[in-house]
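>>> I'll drop the sequence and a predicted model, then ask my questions.
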Amino acid sequence: MAVKKLCEFYSKSFLGEVQKWGSMKQNGVSLRYMMEFGSKPTEKNLLISAQFLHKELPIRIARRAIELENLPYGLSEKPAVLEVRDWYLDSFRDLRTFPEIKDKNDELEFTRMIKMIKVRHNNVVPTMALGVQHLKKDMGLKIVHEDLDEIHQFLDRFYMSRIGIRMLIGQHVELHNPNPAPDCVGYIHTKMSPVEVARNASEDARAICLREYGSAPDIRIYGDPNFTFPYVPTHLHLMVFELVKNSLRAVQERFMDSDKVSPPVRIIVADGIEDVTIKVSDEGGGIRRSGLPKIFTYLYSTAKNPLDEQPDLGSGGAVTMAGFGYGLPISRLYARYFGGDLQIISMEGYGTDAYLHLSRLGDSQEPLP
């Protein structure tokens, strides 16, 4: 798709509308509210939900479109970033040109449209990452991470907002599912087993390690498989997948040429009163203390830059084991979205422990960047 120039393809009145909506107040919701509201997907509730999204989504999308236009260091001019900006502006226009939602037919038509918007934005993360990697490559090796704080803060806001937008759309769309899985309210599983999700995610990560290296360390999971709590399984899968993938790579690369057997990656699931905590523990050699502050920035990765090896890399390629450097920061955003957090403790020369805290209470409001 050819990237559009703002002034040539979007009218002044349209861009004024983007500015107006971008300055409006956002309204957050909690996991508990989503769960309670969605447990009764009546025609009336679906109508209320659609009317809320009809007003809320343009505000959130406009804010990001404005930010995408005003990024430092020329990041806004990178073709990948311009493409993402166009997706946001097109989605804003689709939402604003949709008429008032008054009845069931309007609501169904609106649901079809936001489903298309969600698909349009599927590749936002790898496409933005590509823009950032091009910036990193253009700036050369002398990149000073502290000087790029502004970009890091923007990406934190941008990706956190994206998590929220996709959660709201996905939750609304899924409430139309005539045959929901048992104990599921939209995207939320009211009786999710973290041990089971961790097992599935770690098997997926191990398959990628096997594909990339030809072998993979074992994974051991400790915790009660019968313990459940309400959460979004897709979010947890993504976070555990990223953490286990990092651990497998560290162990694999440390022991690849060794006569010793690779030590296993351990996953421990603990059930607390406030939090459910998942620890991913490896003996992959750890991270230098000087490198620890950088691991949650989007311009840092211990792996080679994928662009160095595939200069024409687009957004449709296969998942690589590492390299774009956004797995950890995005995983932390997913944890924080519902009131949790992600912490990394490392022992250089031994290994790394990642602590993923998930809030059990579910009543914290969405962070609204």
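Nice, I can see it.
>>> Flag the shaky bits of the chain, pLDDT-wise.
In the prediction, the chain carries residues with pLDDT under 70 at positions 1-8, 141-147, 300-325.
>>> how about the strands in it?
For the chain, the strands defined by DSSP state E cover 184-185, 188-192, 219-222, 229-231, 265-271, 275-282, 341-347, 351-359.
>>> Please render those as a markdown table that adds distance to residue 19 to the earlier fields.
All C-beta atoms are positioned from the backbone trio N, CA, C, and that covers glycine. Shown next, in a markdown table, are the strands of the chain (distance: least, CB to CB, whole Å):
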| stretch | distance to residue 19 |
| --- | --- |
| strand 184-185 | 36 |
| strand 188-192 | 35 |
| strand 219-222 | 50 |
| strand 229-231 | 37 |
| strand 265-271 | 46 |
| strand 275-282 | 40 |
| strand 341-347 | 34 |
| strand 351-359 | 35 |
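>>> Among these, which comes closest to residue 167?
Ranking these by proximity to residue 167 (CB to CB) places strand 188-192 first, at 9.5 Å.
>>> Is residue 240 in contact with residue 197, as I believe?
Yes: under the criterion of CB atoms under 8 Å, residue 240 makes contact with residue 197 at 6.7 Å.
>>> between the two, which one's more packed in?
Taking other CB atoms under 10 Å, residue 240 and residue 197 do not tie; residue 240 has more neighbours (26 against 23).
>>> Number of residues surrounding the closest residue in space to that one that isn't next to it in sequence?
Using CB to CB, 6 or more residues apart in numbering and skipping residues adjacent in sequence, the residue nearest residue 240 is residue 201, 3.9 Å away. The number of residues packed near residue 201 is 24, by other CB under 10 Å.
>>> Surely residue 201 touches residue 247?
No: if you go by CB under 8 Å, residue 201 and residue 247 don't touch, sitting 12.0 Å apart.
>>> Please report how far the residue nearest to the spatial centre of the chain lies from residue 129.
Closest residue to the average C-alpha location of the chain: residue 330 at 5.0 Å, with CA atoms, centre = their mean. Using CB to CB, to the nearest Å, we find residue 330 at a distance of 9 Å from residue 129.
>>> Kindly report the same for residue 296.
Residue 296 sits 15 Å away from residue 129, going by CB to CB.
>>> now residue 29
Residue 29 sits 28 Å away from residue 129, going by CB to CB.
>>> Between those two, tell me which one has more neighbours.
residue 129 (21 against 16).
>>> what's around residue 289, how many residues?
10.
>>> Pull out the buried positions in stretch 19-33.
The neighbour-count criterion (16 or more other CB atoms under 10 Å) identifies 21-22, 29-31 as the buried residues of stretch 19-33.
>>> Let me fix that, I meant to ask about stretch 217-226.
Going by neighbour count (16+ other CB under 10 Å), the buried part of stretch 217-226 is 217, 219, 221, 223.
>>> what's near enough to touch the residue nearest to residue 25 when sequence neighbours are not counted?
Sequence neighbours aside, residue 59 is the residue nearest to residue 25 in space, at 7.5 Å (criterion: CB to CB, 6+ apart). When contacts are counted by CB atoms under 8 Å, 6 or more residues apart in numbering, residue 59 touches 21-22, 24-26.
>>> Kindly report the same for residue 346.
Contacts for residue 346 (CB under 8 Å, 6+ apart) come out as 286-287, 289, 292, 352-353.
>>> Can you select the buried ones from the residues you listed in ChimeraX?
Per 16+ other CB under 10 Å, the buried members of the contacts of residue 346 correspond to this ChimeraX selection:
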select :286,287,352,353
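>>> Could you point out the member of the contacts of residue 346 that lies closest to residue 342?
Taking CB to CB as the measure, residue 353 is the one of the contacts of residue 346 closest to residue 342, at 11.5 Å.
>>> thinking the closest one is in contact with residue 280, fair?
Yes: between residue 353 and residue 280 there is a contact at 7.3 Å, judged by CB under 8 Å.
>>> so where do the helices sit in the protein?
Remark: helices assigned in the chain by DSSP state H are 6-9, 12-22, 31-38, 43-69, 79-97, 104-120, 124-139, 149-174, 194-213, 233-255, 306-309, 327-337.
>>> Please convert the ones you listed to JSON lines, extending it with distance to residue 266.
Below are the helices of the chain laid out as JSON lines (distance: least, CB to CB, whole Å):
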{"stretch": "helix 6-9", "distance to residue 266": "51"}
{"stretch": "helix 12-22", "distance to residue 266": "46"}
{"stretch": "helix 31-38", "distance to residue 266": "28"}
{"stretch": "helix 43-69", "distance to residue 266": "38"}
{"stretch": "helix 79-97", "distance to residue 266": "38"}
{"stretch": "helix 104-120", "distance to residue 266": "36"}
{"stretch": "helix 124-139", "distance to residue 266": "28"}
{"stretch": "helix 149-174", "distance to residue 266": "28"}
{"stretch": "helix 194-213", "distance to residue 266": "10"}
{"stretch": "helix 233-255", "distance to residue 266": "9"}
{"stretch": "helix 306-309", "distance to residue 266": "29"}
{"stretch": "helix 327-337", "distance to residue 266": "18"}
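>>> Noted, bye for now.
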